[in-house]
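Participant: test case, fold it:
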Amino acid sequence: MTKRQRILSYCFTLFIMIWGPDIINTVKLNQKIHLSEALNIFNISQLIYAGATMALMHYICNRYFLSKKYLRLALAIAGLILFCVLLRYFIEEKAYPVLLGARNYPEKLPFLYYVLDNIYSASVYIIIGFLLFLLDMQIGNQKKQAMLMQQNKEAELQFLRSQINPHFLFNTLNNIYSLVYEQSPKAPPAMLQLSDLMRYMLYEKKETVPVSKEWNYIQNFITLQKLRFDYEIPVQLTLEGDTTVHLIPPYLLIPFIENAFKHGDFRNDPLKIMLIVSGNSLQFTISNRIGHQNKDEAGGIGLDNVKRRLELLYPGRHELETKIESGSFTAQLKLFF
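Facilitator: I've put the predicted structure just below:
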C-alpha cells in the first residue's frame, strides 16, 4: 500500500470498530444518530489508544516480523499490551475524572479485572493491526511482483527487438558499395533509403508507431532487399484502410518480409503483401514461393521472434496462421485493437 492508502485503511477500520455497533443499533431501533453521543469522550479515548496500538503494531511487525526476530517480536507485543493498558488507564481513570468528572469503569472495580479487560481489548487491536500489516505486505508484494514482471517483459521485448535485422545492414552496405563501385544510378536513392531505415531503427524508441510509419519502413526495406538479387523481383503491395488511426509496435511486421526474402524464390511468382485496416482490426498477409533448398525451413527463427512478441504485446488479441501449400508459404496476422 501507499502511505495514503494505509492511513485510509486504518481510519476506516477504526471507524467500523468504534462507531459500527452504534450505527447498527441505531438502524435496528430506527433512531437518529446524535453527534454528541457519537463523539462522546470514551469513543474519543478509544480512538486514541486503538489507533496508537495499531500504528505501533505495524512498526513492530515491520521491524521484527520481516526480519524473523520472533523473540523480540513477542517481547515488543507484550510491551505494547502493557502500554495500551496504562495509556487507557491514564486517560479514562486519571485524566477524565479530574478534567471532566467522568470515568469509564466503576471507581471501586478491582484493578485485576480492569487489567484483564484491557488486555483483551488491546489484544483485539493488536490482532487487527497485525492483519492489516499482512494485507499491506501482500499488496506490496503483488505490486513488486507486477513491477518485476513488467520489467522482465520490457527486457525480453527489448531483446527480441534487438535481434531484428542483425546482419541485414552489413549485407545492404555491401550491396550499396557494389553499386557505388559500378557507378550505378541506383546507389544514391539506395543510400537515402538506408538512411531513412537506419533513422527508424535507431531513433524510433516509442513503444508504438502509426501503421503508416511501419508501412513506409516495409517499402524501404523491400527496395533495399532487392539489391541482393541479380534479377528483378516482382512485388505486389496492397494497402487498404486508414493506416494513421491505429498504433503498432515498430518492426512487428518486418520479420515476415525478412523471412520471405530469406527463403523465397521470385523468378516465376511475385512476393505478395497485403495490409488491410478495418475498424478495430488489422490484417497483414504475405505470400511467396519457397525456394527449393528452403522447403523445410520456411518459418525460420524470425517468425518465432514475432510469435513471442505477439504473446507479450497482444495476449488474446491476435491470430497468426502460417501454412505451406503447393510450394508457397503464406502467413496471415490479425490484430485486434
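
Participant: all contacts plus neighbour counts: C-alpha atoms, from now on.
Facilitator: Noted.

Participant: tell me where the stretch 201-337 of the chain has helices.
Facilitator: Using DSSP state H, counting those that start in this stretch, the helices of the stretch 201-337 of the chain run over residues 211-226, 254-263, 300-313.

Participant: can you list the domains in the chain?
Facilitator: Following automatic domain parsing, one finds the domains of the chain at 3-159, 163-336.

Participant: now mean pLDDT too, for those, in TSV please.
Facilitator: Converted to TSV, the domains of the chain look like this (pLDDT from 0 to 100):
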stretch	mean pLDDT
domain 3-159	79
domain 163-336	82
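
Participant: adding mean neighbour count as columns, could you present the ones you listed in TSV?
Facilitator: Below are the domains of the chain laid out as TSV (neighbours: other C-alpha atoms under 10 Å):
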stretch	mean neighbour count
domain 3-159	15
domain 163-336	16
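
Participant: looking at the helices of the stretch 201-337 of the chain, which is nearest to residue 186?
Facilitator: Smallest distance to residue 186 across the helices of the stretch 201-337 of the chain (C-alpha to C-alpha): 10.4 Å, for helix 211-226.

Participant: using CSV, list the CA coordinates for the closest one.
Facilitator: The C-alpha trace of helix 211-226 is given here as CSV (Å, rounded to 0.1, in the frame of the first residue of the first chain):
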residue,chain,number,x,y,z
VAL,A,211,0.7,1.7,-39.0
SER,A,212,1.6,4.1,-41.8
LYS,A,213,5.1,4.5,-40.5
GLU,A,214,5.7,0.8,-40.3
TRP,A,215,4.3,0.5,-43.9
ASN,A,216,6.8,3.1,-45.2
TYR,A,217,9.6,1.2,-43.4
ILE,A,218,8.4,-2.0,-45.1
GLN,A,219,8.6,-0.3,-48.6
ASN,A,220,12.2,0.9,-47.9
PHE,A,221,13.1,-2.5,-46.6
ILE,A,222,11.8,-4.3,-49.7
THR,A,223,13.7,-1.9,-52.0
LEU,A,224,17.0,-2.5,-50.2
GLN,A,225,16.4,-6.2,-50.1
LYS,A,226,16.0,-6.3,-53.8
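
Participant: helix, strand or coil for residue 114?
Facilitator: Here residue 114 takes the helix state, with states given by DSSP: H, G, I helix; E, B strand; the rest coil.

Participant: so how far is residue 115 from residue 303?
Facilitator: Separation of residue 303 from residue 115 (C-alpha to C-alpha, to the nearest Å) stands at 73 Å.

Participant: please convert the helices of the stretch 201-337 of the chain to JSON lines, extending it with distance to residue 288.
Facilitator: Listed next are the helices of the stretch 201-337 of the chain as JSON lines, based on distance: least, C-alpha to C-alpha, whole Å:
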{"stretch": "helix 211-226", "distance to residue 288": "13"}
{"stretch": "helix 254-263", "distance to residue 288": "6"}
{"stretch": "helix 300-313", "distance to residue 288": "14"}
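
Participant: quick one, which of the ones you listed is nearest to residue 188?
Facilitator: Residue 188 lies closest to helix 211-226 among the helices of the stretch 201-337 of the chain, at 12.0 Å (C-alpha to C-alpha).

Participant: what's in contact with that closest one?
Facilitator: 172, 190, 193-194, 196-197, 200, 232-233, 243-248, 250-251, 253-254, 257, 261 (C-alpha atoms under 8 Å, 6 or more residues apart in numbering).

Participant: same question for stretch 112-127.
Facilitator: Stretch 112-127 is contacted from outside by 50, 53-54, 57, 81-82, 84-85, using C-alpha under 8 Å, 6+ apart.

Participant: could I have the CA atoms of that stretch written out in PDB?
Facilitator: C-alpha atoms of stretch 112-127 as PDB (Å, rounded to 0.1, in the frame of the first residue of the first chain):
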ATOM      1  CA  LEU A 112      -7.100  -7.000  38.200                       C
ATOM      2  CA  TYR A 113     -10.400  -7.000  36.400                       C
ATOM      3  CA  TYR A 114      -9.500  -3.700  34.800                       C
ATOM      4  CA  VAL A 115      -6.200  -5.100  33.700                       C
ATOM      5  CA  LEU A 116      -7.600  -8.300  32.200                       C
ATOM      6  CA  ASP A 117     -10.400  -6.500  30.400                       C
ATOM      7  CA  ASN A 118      -8.000  -4.100  28.800                       C
ATOM      8  CA  ILE A 119      -5.500  -6.800  27.900                       C
ATOM      9  CA  TYR A 120      -8.400  -8.400  26.000                       C
ATOM     10  CA  SER A 121      -9.200  -5.100  24.200                       C
ATOM     11  CA  ALA A 122      -5.500  -4.500  23.400                       C
ATOM     12  CA  SER A 123      -5.200  -8.000  22.000                       C
ATOM     13  CA  VAL A 124      -8.100  -7.300  19.600                       C
ATOM     14  CA  TYR A 125      -6.400  -4.200  18.300                       C
ATOM     15  CA  ILE A 126      -3.100  -5.900  18.100                       C
ATOM     16  CA  ILE A 127      -4.500  -8.800  16.000                       C
END
